[in-house]
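Asks: show me how the following folds:
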Amino acid sequence: MLRLADIMSTEVVTVSPDLGLRDAMDLFVAEHISGAPVVSGHQVLGVVSTTDLLAFAAGLPEAPPLREPPSDMGERETDGEDDFNEAQAAFFTEMWEDAGADVVERAASPGSPEWNVLAEHTVSEAMTSSLCSLPPETAVPMAAEYMKERGVHRVLVMDKERLLGIVTTSDISGAVAEHKLTERRFVFGKPQVRADGSHW
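Replies: Sure thing, here's the model as predicted:
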């Protein structure tokens, strides 16, 4: 019987609850992962996934629309101080020149000020605090059923409160592809292979 302990990844990427959401996104991209356990010290607090991050980002208020300068600003006499103040205001206007841009334009420049709002929020605000975990001796088919019922793509492998590893749907599909879930029994020994690839 194939157990979770046989296929789990033990080098688990974890994140702190205080990590900024933008940093979490960068970490997921760098590590080629779609989620990670949220750990403080040795305590597992929850899990954060790309789905959680997208859902949180979608709930944030939209960026302010681009505002045209008022057209009724009549000419007035200015001194040097007013010119200095206008120069300062122009600096902040230029910083937000992409304000009000459509999603395609904003996605093309994720370093823009509108996107940096994610850096102001932490993983603890977006994570899922309910844990989907199983002990290491759990049979892989049972774990697959558990994951299907809960609609999750990863399960934490834990010994009571201690995190041992993680198993993803990719790990399970890999085990299936490598025929690790099937047992072959041969009454007369292993089959022999002919030159044409057939068995006898």
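
Asks: could you look up the SS state of Asp6?
Replies: Three-state assignment for Asp6 (DSSP: H, G, I helix; E, B strand; the rest coil): helix.

Asks: residues in contact with it?
Replies: Residues counted as contacts of Asp6 (CB atoms under 8 Å, 6 or more residues apart in numbering) are 140, 180. For the C-beta atoms, the positions are set from N, CA and C on the backbone; glycine is no exception.

Asks: local confidence estimate at it?
Replies: You'll see Asp6 listed with a pLDDT of 95.

Asks: repeat that for Pro70.
Replies: Reported pLDDT for Pro70: 54.

Asks: and for Leu181?
Replies: If you check Leu181, the pLDDT there is 81.

Asks: where's it relative to His153, distance?
Replies: 19 Å (CB to CB, to the nearest Å).

Asks: what segments of this structure are helices?
Replies: 4-7, 21-31, 50-58, 80-95, 103-108, 123-126, 140-150, 169-177 (DSSP state H).

Asks: contact partners of stretch 149-161?
Replies: 4-5, 8, 34-35, 37, 43-44, 47, 49, 131-136, 143, 146-147, 163-169.

Asks: domain parsing for the chain?
Replies: Using automatic domain parsing, the domain ranges for the chain come out as 4-60+121-177, 84-115.

Asks: Arg3: what's it in contact with?
Replies: Contacts of Arg3 by CB under 8 Å, 6+ apart are 136-140.

Asks: list buried residues within the residues you listed.
Replies: Neighbour-count burial (16 or more other CB atoms under 10 Å) applied to these gives 138, 140.

Asks: let me know the closest of the contacts of Arg3 to Asp196.
Replies: Val140 (34.4 Å; CB to CB).

Asks: mind listing what the closest one touches?
Replies: Contacts of Val140 by CB under 8 Å, 6+ apart are 2-4, 6-7, 167, 172, 175, 180-181.

Asks: for Glu120, same thing?
Replies: Gly20.

Asks: could you do Leu27 as well?
Replies: Leu27 touches 13, 15, 19, 36, counting by CB under 8 Å, 6+ apart.

Asks: ok, Ile172 next?
Replies: Ile172 makes contacts with 7, 140, 143-144, 147, as judged by CB under 8 Å, 6+ apart.

Asks: quick one: it from Leu4, how far?
Replies: Taking CB to CB, one finds Ile172 at 9 Å from Leu4.
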